Each structure stands twice: as structure tokens, then as C-alpha cells.
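Visitor: build the 3D model from these lines:
(one chain, ligands or ions: 2)
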Amino acid sequence: MDLKDEASIAMLPAESRAPMPHLAIDIGGSLIKLVYYSRDGDWLPEDNKIWSSKESLGVSNGEGNHPLSEGRLHFAKFETSKINDCIEFIRSKQLHVGGQHHEVPSKNKIIIKATGGGAFKFTDLFKEKLGIVLDKEDEMDCLVAGVNFLLKAVQREAFFYMDGQKQFVQIDHKDLYPYLLVNIGSGVSMIKVDGDGKFERVSGTSVGGGTFWGLGRLLTKCQSFDELLELSHVGNNRVIDMLVGDIYGGTDYAKIGLSSTNIASSFGKAISVDKELEDYQPEDISRSLLRMISNNIGQIAYLNALRYGLKRIFFGGFFIRGHAYTMDTISVAVHYWSKGEAQAMFLRHEGFLGALGAFASYERHGFDDLTAHQLAQLCPRRESCSEGTLHSAPHCDVIKEKKTL
Ligand SMILES: Nc1ncnc2c1ncn2[C@@H]1O[C@H](COP(=O)(O)OP(=O)(O)OP(=O)(O)O)[C@@H](O)[C@H]1O
Ligand SMILES: CC(C)(CO)[C@@H](O)C(=O)NCCC(=O)O
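Guide: Residues are numbered from 1 along each chain as shown. Ligands and ions are numbered 1, 2, ... in the order given. As a prediction, the model looks like this:
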């Protein structure tokens, strides 16, 4: 903690100085997500300062007092393979020091809420490097809690995406359930949600974000996920995908509703003995792969929605990354298969759902009494980005501060 923080904390009334849990962590197969609270508006990672403009931070709606009401939440992510950078970040910002202190006979124990598989895998590492005890929260519980909170509290959270157009939807709280949540992380979980804490994981698929990045890296030699995603912008999938027209000599197969431009077989043209991997352009590979995976997830999501009679499907997870082609493909797949009966919607906080849920699981936080206003502009920079823009910065920093109560 730097001197500035110490000074500002020292000036607060005694009850405000009580140790408060302020960091939750979601350690997935590909990415680590942090949600943390800071009281001091200037206490931000250097590279996030450009997004923390004053106007995006100051909101006062005069509602009741809350332990978190003067300050802001931040969002950050790291690759799980670079967990040591994450640990260093936590140490450098002293995020763990404000954690819940439980009295044990001889010393204070710092307990931090953690979810995702890595909460189990990296227990010892966090203990050893930061002296933190990870208090494990179930991944699905956290996901659902995070989504329910966002859908109820944040006005511009869910949106439709079709033909390059984004349209926010205001969900009626009384008419929120049931819905299907499709979380596209490394793997994909499909969860039927019937209420707060009422849900069932009804399906999943191992063909998800890890598949796109893993297979894409091998096939294109891209050095980063962002590079692979960026390539897909300029690629042409028809170079690699086998279309109905390729099989039917350029004509539709109208009798069963297939046009000549429908994909008959993803990567089907690569069976050609005349071509090797190096004969294909990385951008075309990236586009085919992204389309294949997005389409497949959209189709499986539709089948599960059909299975349970669900009309609304919310898609989250960092595979999406606000990427136009990904969202378009998923939306088209759901629309095509459901004949417009089911609706695909996307969540602005895509990959931070579980971390938010873990943050809410601290007893003293509770999202219910955090005002919608406080969290309404969780991620202002997402608003200012044009569609399809990649967020290449390592952190997604955000939130909201409430100065006057
Ligand atoms: N900078 C990035 N580096 C790596 N993968 C990224 C990046 N940005 C987005 N992704 C995509 O997001 C996916 C991970 O999403 P997310 O963080 O939601 O899941 P996870 O929690 O790591 O996975 P799981 O829940 O399956 O354990 C990756 O598999 C990849 O497709
Ligand atoms: C294993 C988890 C839940 C870890 O987040 C996720 O990666 C997932 O849902 N994978 C898909 C597993 C399956 O249902 O085939």
C-alpha cells in the first residue's frame, strides 16, 4: 500500500477501517479473473488509467449505506499459465491484505474467496507465495449468482447481436426465469437457471474456447489469442469449408432447406491431397475454426433450450470477447435452428461472471443491496469500443464509485 492509501484510510472513521474482504478470484483453465474493490479512486493499475475517467466513476443516487458504497470495483484478467504475474499483481497492489481476517490463536489468517478449478489446483501456491487461504466457492454457484445479479442490477448488460447490430435488452426482473446460461470458457457449460441459487447444469461440450485457441495456435502459429481472433476478421472460411454448392455443383439443395452457400462440412476442403497446411492462409483457418466452434455451440445451446422449453439463452465466457463474427455466428445458429423461437443474448461482462459471483459470496458484500446505479456502468470502456474491436490490454478495469450517500 502506498503512502497515499495509508493517508486516506487513516482519515476515515474507525468503523470504515475495519478489515473488509475486497478481492475475489476465479481461476479457470485458460484465464484468471480478479474482481477487487478499492476505496481510493486513484488506486489503479497504471495501464488502466485511461479508462477510469472521473465521469464514469462518480454516481450518487442517495440510497442507503453499504460497506462498499464509497469506492469502486475493478476487473482484471491474466492467463492462467502466467499465474505468477497474477500473484505479483495482487502483491504489488496489496489486494490480499484487505482480505477477511479470521482470528486464529497466534496470527491473522487471510481468507480470499476463490472459484474455478484453479481454486483447488493452486491452493498451495497462494498459501506459499501470499500467505492466502483460498476459500473455495463452487464454480457453477458463482456463475449463476454473477449472472442473476448482473441481469437484475445492470441495465445495459444483456444484448442481442445480429448483422453487426447490438441491441440492449431490459430484462423484466419478474420474468427473468427460466433461462439457459451458456458459459463459453475453455470448455462450455450449459446451465438451466430457474431462480436465485436454483439451477441445473444440463449439458456441456469440450469443444469451446480452449479448442479455438489450442487448435488455432497449432494450425496458425499465432502467438496470442488476440492475434488469432484478429486474423479471423480478414479470413475467408470458404477456402477451407466444404459448402453445399461444392458438393452439389454450385446449386442449392432446396428440398431440405440448404442453400449452396451453407457449410456442408467444416474444414471439408482440407481433405484435398493437393494441399498441405502451409498452402492455407492462417486467416482463413482462423475464420473457419471460429465459425465451426461458434456454430456448434449455438446448435447445442438451441437443442438444450428445446429440451427444456427455454426461450432465452444468455451467452457468457471469455471466448466471446465482444467479437462480432463470434456473436453473429452464435445468433444465426440459434435463430436458424429454433426458427426464431429462441433468442440468443450476450452478456457485457462475459468472462467475469464467476468472479463477480465469488465476490458476492462474502457475507458482508451481498449484491442485493448494492445499488443498480453503482454498478450500472461497470465497464465504460466496453461502451466506447466499436463492434469487434479487440481489447488487447491485459486488464478490464472498471466500475463505479458513490461519493455521497
Ligand atoms: N487473452 C486471452 N488469452 C487466452 N485465452 C483467451 C484470451 N482472451 C479470451 N480467451 C478465450 O477465453 C477462453 C477462456 O474463457 P474463460 O476465462 O471464460 O474460461 P476459463 O475460466 O479459463 O475456462 P474454464 O471455465 O473452462 O475453466 C479461452 O479458452 C480463449 O478461448
Ligand atoms: C470443466 C469445466 C466446468 C471447468 O470450468 C468447463 O471447462 C466445462 O464445462 N467443460 C466441458 C465439459 C463437458 O461437459 O464436456
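
Visitor: quick one: low-confidence parts of the stretch 51-200 of the chain?
Guide: The model of the stretch 51-200 of the chain has pLDDT under 70 over residues 51-71, 98-108.

Visitor: how about the residues of it by ligand 2?
Guide: Proximity of the stretch 51-200 of the chain to ligand 2 (Cβ under 6 Å from any ligand atom) is limited to residues 117, 139, 185, 186, 187, 188, 189. Backbone N, C-alpha and C define where each C-beta goes, glycine included.

Visitor: end-to-end on stretch 169-185?
Guide: Distance across stretch 169-185, first residue to last, is 23 Å (Cα to Cα, to the nearest Å).

Visitor: ok so, going back, report the buried members of the residues of the stretch 51-200 of the chain next to ligand 2.
Guide: Buried by 16 or more other Cβ atoms under 10 Å: 139, 185, 186, 187, 188, 189, out of these.

Visitor: out of the residues you listed, the closest to ligand 2 would be?
Guide: Lowest distance from ligand 2 to these (Cβ to the nearest ligand atom) belongs to residue 187, with 2.2 Å.

Visitor: distance of that closest one from residue 204?
Guide: Between residue 187 and residue 204 the distance is 6 Å, computed by Cβ to Cβ, to the nearest Å.

Visitor: strands of the stretch 101-250 of the chain, residue ranges please.
Guide: 108-115, 132-136, 158-162, 165-169, 179-184, 188-195, 198-205, 242-243 (DSSP state E, counting those that start in this stretch).

Visitor: around ligand 1, pick out the residues from the stretch 151-300 of the chain.
Guide: 185, 186, 187, 209, 210, 212, 213, 225.

Visitor: hmm, which two among these are most spread apart?
Guide: The most widely separated members of these are 187 and 225, with 15.6 Å between them, by Cβ to Cβ.

Visitor: center of this structure - which residue?
Guide: The centroid of the chain falls nearest to residue 351 when counting by Cα atoms, centre = their mean (1.1 Å).

Visitor: point me to the residue of the stretch 251-400 of the chain nearest ligand 2.
Guide: Using Cβ to the nearest ligand atom, the single residue of the stretch 251-400 of the chain nearest to ligand 2 is residue 354, 8.5 Å away.

Visitor: correct me, but that residue touches residue 149?
Guide: No - counting by Cβ atoms under 8 Å, residue 354 does not reach residue 149; the two are 11.6 Å apart.

Visitor: okay, the two: which has more neighbours?
Guide: Taking other Cβ atoms under 10 Å, residue 354 and residue 149 do not tie; residue 354 has more neighbours (32 against 23).

Visitor: what's the neighbour count on the residue of the stretch 201-350 of the chain found nearest ligand 1?
Guide: Distance from ligand 1 to each residue of the stretch 201-350 of the chain (Cβ to the nearest ligand atom) is smallest for residue 209, at 2.6 Å. Residue 209 has 27 neighbouring residues, counting by other Cβ under 10 Å.

Visitor: also residue 324?
Guide: 18.

Visitor: wait, it sits on residue 165?
Guide: No - judged on Cβ under 8 Å, residue 324 makes no contact with residue 165 at a distance of 9.9 Å.

Visitor: which one of the buried ones among the residues of the stretch 51-200 of the chain next to ligand 2 sits closest to ligand 1?
Guide: Closest approach between these and ligand 1, by Cβ to the nearest ligand atom: residue 185, at 2.3 Å.

Visitor: phi and psi next, for that closest one.
Guide: Torsion angles at residue 185 (phi, psi; degrees, to the nearest 10) stand at phi -100, psi -130.

Visitor: what's the nearest residue to it if we skip its chain neighbours?
Guide: Of all residues beyond its chain neighbours, the one nearest residue 185 is residue 317 (4.5 Å), with distances taken as Cβ to Cβ, 6 or more residues apart in numbering.

Visitor: ok, now how distant is the one you found from residue 190?
Guide: Taken as Cβ to Cβ, the span from residue 317 to residue 190 is 11 Å.

Visitor: same check on residue 247?
Guide: Taking Cβ to Cβ, one finds residue 247 at 31 Å from residue 190.

Visitor: more neighbours: which of the two?
Guide: A count of neighbours by other Cβ under 10 Å puts residue 190 above the other of residue 247 and residue 190, at 24 against 15.

Visitor: for that one, list the residues it contacts.
Guide: 180, 181, 182, 183, 201, 202, 203, 204, 205, 300, 301, 304 (Cβ atoms under 8 Å, 6 or more residues apart in numbering).

Visitor: tell me which of the residues you listed is nearest to residue 339?
Guide: The closest of the contacts of residue 190 to residue 339 turns out to be residue 301 (Cβ to Cβ; 14.8 Å).

Visitor: so that closest one touches residue 182, yeah?
Guide: Yes - judged on Cβ under 8 Å, residue 301 makes contact with residue 182 at a distance of 4.8 Å.

Visitor: what's the neighbour count on residue 235?
Guide: Count around residue 235 with other Cβ under 10 Å applied: 23.

Visitor: and it, what does it touch?
Guide: Each residue near residue 235 by Cβ under 8 Å, 6+ apart is listed here: 281, 282, 283, 284, 285, 286, 287, 288.

Visitor: cool, and residue 123?
Guide: If you count contacts by Cβ under 8 Å, 6+ apart, residue 123 has them with residue 134.

Visitor: and for the one 4 residues further on?
Guide: Contacts were defined as Cβ under 8 Å, 6+ apart; by that measure residue 127 touches 133, 134.

Visitor: rerun that using 7 Å as the cut-off
Guide: Taking Cβ atoms under 7 Å, 6 or more residues apart in numbering as the criterion, residue 127 is in contact with residue 133.

Visitor: residue contacts, residue 204?
Guide: 187, 188, 189, 190.

Visitor: return the member of those residues nearest to residue 135.
Guide: Nearest member of these to residue 135, counting by Cβ to Cβ, is residue 189, at 21.9 Å.

Visitor: pull up the gap between the closest one and residue 118, please.
Guide: Residue 189 is 16 Å from residue 118, by Cβ to Cβ.
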